[in-house]
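Participant: how does the following fold in three dimensions:
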Amino acid sequence: MFKEFREFAFKGNVVDLAIGVIIGAAFGKIVTAMVNDIIMPFVSLILPSGEWRSAALTLSERAPDGPPGDVRLLVGDLASVVVDFLIVGFVLFLVVRGISKLKKSEPTPAAAPSTKDCPECLEKVAVAAKRCKYCTSQLAV
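Facilitator: Numbering: from 1, shown residues only. A predicted model of the protein is given here:
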C-alpha cells in the first residue's frame, strides 16, 4: 500500500498540481496586495464616503433594551469582494494571455497519408492495400 501511495504522490501530475497551488497562493497574495494598496484607494476617492467597504443597509434597528446589534446588509463588503474578484480575474487573464503569447507555437506534424496512387491506373487506394480495387494489379506494400 505504501508503494502504491508513493507512486501516486510522486506522479508528475500530482507534483505539478501541488506546485500550481503553491504558486497560485503566492500570486493571490500579490494580487490582493495590489488591489488593497493600489487600486482600492482610487476607488474610495471616487465614492463619497471613502470607507465604502463598511457600507451597510440597516433593515431593522434593535430596541435599546433588546439584544445588541441591528439587522444590516453589508453591501460594502459584498461590493469589495466582487471588485476584488473582477480585478483578480482580469489580472489572471492578462498573465495567461501574456504567457500564451510567449509560448512558441509548435507546428503540428502532418498526418500520415491514408491513400496512395495505383501505379497502373492512377486511382487512389488505401495505403495497406495489396491489390488495386479498380484494376486488380499487385501493389507494393
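Participant: which of the three states applies to the closest residue to I87 other than its chain neighbours?
Facilitator: Leaving aside its sequence neighbours, I87 sits nearest to V35 (C-beta to C-beta, 6 or more residues apart in numbering; 5.1 Å). Yep, even glycine has a C-beta here, placed from its N, CA and C like the rest. Here V35 is recorded as helix under DSSP: H, G, I helix; E, B strand; the rest coil.
Participant: wait, V35 touches G89, no?
Facilitator: No: judged on C-beta atoms under 8 Å, V35 makes no contact with G89 at a distance of 11.3 Å.
Participant: in terms of neighbours, single out the busier of those two.
Facilitator: When neighbours are counted by other C-beta atoms under 10 Å, V35 and G89 differ, and V35 comes out ahead with 19 against 11.
Participant: state the distance from the more buried one to V82.
Facilitator: 12 Å (C-beta to C-beta, to the nearest Å).
Participant: same thing with V75?
Facilitator: 10 Å.
Participant: in this structure, which ranges drop under the pLDDT threshold?
Facilitator: Counting by pLDDT under 70, the ranges of the chain that qualify are 12, 47-52, 63-68, 105-106.
Participant: where do the helices sit along it?
Facilitator: Using DSSP state H, the helices of the chain run over 2-9, 12-34, 40-46, 75-102.
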